[in-house]
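Peer 1: With the sequence up front, the predicted model follows.
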Amino acid sequence: MQQLSVRHLLGIKDITEQDIQLIFETADQFKEVLNRPIKKVPSLRDVTIANVFFENSTRTRLSFELAEKRLSADVINFSASGSSVKKGETLLDTVNNILAMKVDMIVMRHSSPGAPHFLSRKINANIVNAGDGTHEHPTQALLDAFSIREKLGQVAGKKIAIIGDIMHSRVALSNIFALQKLGAEVAVCGPPTLLPKYIGDLGVKIFWNVQEALQWCDVANVLRIQLERQTGKLFPSLREYALYFGINKKMLDDLNKEIVLMHPGPINRGVELTSDAADSPHSIILDQVENGVAIRMAVLYLLASRG
């Protein structure tokens, strides 16, 4: 059986194109399992996985938990808000206490970039990064690329525009790495204050006008404004942002071509996307959520096989 080249999934930057293709092929098989009447396989029976979340999450946490249960793993959930972290316990002590209970794998979200990388050097369990600050969110990028492959047949040669708050988004960085490794052309679009200063060094095209970005791309992946991560006022108002960078169904219908619309969620309707755009035939947003479970099943299964 083919194996991943890594013991942990810390970021897309650390894995190869062959790793990504192996994850996709495994996810294809698990997606077929998820469409059966009995949606469970015994692949990870007797494996214990801890979901350790130091930040809020709905989709990612539910998706990982469902993936683990579909694989018959034993699951424990940890939330920092009701834990000893509030009493001053360190990250390493928290995780070592969980591992002392004989946990095999850690799925972790943390507000500090590099937190999973730090842990991977200190503990023996496999680690899956479920988002570390504004750094990376590898499983989101994998499910986005998998959804593009499913919709368009392949990722290579396609043009993908990532539109919105690039500076504060971990999804943007992971997507850029994943899509480029798979042979896609990537562009970013947003207000100058929401684009990182050296984003061009990653080999992406830059648009300041959302109409031009939509006209160029095959796929538009739209990101929300991450107000909770912004320390200063980076644009006048949400209303003005929506006016200049928001996408509505008329804009999509006026294009002289078919376009695929994506969003990692949660959507701020009326800001980056109007409801008629988010719910239009162009949108594969709910397909992304469905594919998230299959991708996470594949990642957990392959890492557990790697040991």
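Peer 2: Ah, there it is.
Peer 1: For stretch 46-55, which residues meet the burial criterion?
Peer 2: 47-55 (16 or more other CB atoms under 10 Å). C-beta coordinates here come from the backbone N, C-alpha and C atoms, glycine included.
Peer 1: Reformat these as a markdown table; add secondary structure.
Peer 2: Converted to a markdown table, the buried residues of stretch 46-55 look like this (DSSP: H, G, I helix; E, B strand; the rest coil):
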| residue | secondary structure |
| --- | --- |
| V47 | coil |
| T48 | strand |
| I49 | strand |
| A50 | strand |
| N51 | strand |
| V52 | strand |
| F53 | strand |
| F54 | coil |
| E55 | coil |
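Peer 1: Now for those: which two are most distant?
Peer 2: Greatest spacing in the buried residues of stretch 46-55, by CB to CB: V47 and E55 (24.5 Å).
Peer 1: returning to what we had before: I'd like the buried residues of stretch 46-55 laid out as TSV, including distance to S120.
Peer 2: Converted to TSV, the buried residues of stretch 46-55 look like this (distance: CB to CB, whole Å):
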residue	distance to S120
V47	18
T48	18
I49	16
A50	15
N51	17
V52	13
F53	17
F54	16
E55	19
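Peer 1: which one of these is nearest V260?
Peer 2: The closest of these to V260 turns out to be E55 (CB to CB; 28.8 Å).
Peer 1: Can you name the residues that contact F118?
Peer 2: Contact analysis of F118 by CB atoms under 8 Å, 6 or more residues apart in numbering lists L91.
Peer 1: From S112, how far out is it?
Peer 2: Using CB to CB, to the nearest Å, F118 is found at 8 Å from S112.
Peer 1: what's the answer for G246, then?
Peer 2: Remark: distance between G246 and S112 (CB to CB) = 31 Å.
Peer 1: Who has more neighbours out of the two?
Peer 2: Each of G246 and S112 has its neighbours counted (other CB atoms under 10 Å); G246 has more, 22 against 14.
Peer 1: residue contacts, the more buried one?
Peer 2: G246 neighbours (CB under 8 Å, 6+ apart): 210, 270-274.
Peer 1: Next: T16.
Peer 2: T16 touches 5, 181, counting by CB under 8 Å, 6+ apart.
Peer 1: got the phi/psi numbers for it?
Peer 2: phi -100, psi 170 (degrees, to the nearest 10).
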